[in-house]
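>>> Below are the sequence and a predicted model for it; my questions follow.
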Amino acid sequence: MSSTTECIGITASNRIALEEQLEAVHGYLQQLAMATKTHGILVTRHRADHYTASLSSSVPFGVTLEVDL
C-alpha cells in the first residue's frame, strides 16, 4: 500500500473542462512535490468524467503515473 497526500477529485461535463482541470491540478501537485522531492503524482481515472490526483510515495519524484480503473 502506498502513502498518499491530499487527494483531489476532478469531475467535468465536457472534455475541454476536464483537460483544463487536470492541467491545473497537475501544476498544483507539481509545486507541492517540488517542496519535498520525495513523491510523484498519481492520476487515477475512475470514469470518463471523474479522476483523482494526489502525491504518492509509490511514484518516484519527477514522474506522473496515470492509472485507469
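Thanks, I have the structure now. Residues are numbered from 1 along each chain as shown.
>>> Could you use CA atoms for every contact and neighbour count after this?
Will do.
>>> This protein: helices as residue ranges?
Using DSSP state H, the helices of the chain run over residues 15-36.
>>> center of it - which residue?
A53 (2.5 Å; Cα atoms, centre = their mean).
>>> what bridges to the closest residue to that residue other than its chain neighbours?
Spatially, and ignoring its direct neighbours in sequence, A53 is nearest to V43 (4.4 Å; Cα to Cα, 6 or more residues apart in numbering). V43 has the following beta-bridge partners by DSSP bridges: A53, E66.
>>> can you count the residues close to V43?
Neighbours of V43 under the rule other Cα atoms under 10 Å: 24.
>>> doesn't T52 make contact with it?
Yes: with contact defined as Cα atoms under 8 Å, V43 reaches T52; the gap is 5.8 Å.
>>> okay, stretch 58-69 in PDB with CA atoms only?
Provided in PDB are the C-alpha atoms of stretch 58-69 (Å, rounded to 0.1, in the frame of the first residue of the first chain):
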ATOM      1  CA  SER A  58       4.800   4.800  -4.600                       C
ATOM      2  CA  VAL A  59       5.500   7.000  -7.700                       C
ATOM      3  CA  PRO A  60       9.100   8.300  -8.000                       C
ATOM      4  CA  PHE A  61       9.700  12.000  -7.700                       C
ATOM      5  CA  GLY A  62       9.500  13.700 -11.100                       C
ATOM      6  CA  VAL A  63       7.100  11.100 -12.500                       C
ATOM      7  CA  THR A  64       3.400  11.300 -13.200                       C
ATOM      8  CA  LEU A  65       1.700   7.900 -13.300                       C
ATOM      9  CA  GLU A  66      -1.700   7.500 -14.900                       C
ATOM     10  CA  VAL A  67      -3.900   4.600 -13.800                       C
ATOM     11  CA  ASP A  68      -7.200   3.600 -15.400                       C
ATOM     12  CA  LEU A  69      -9.600   1.800 -13.100                       C
END
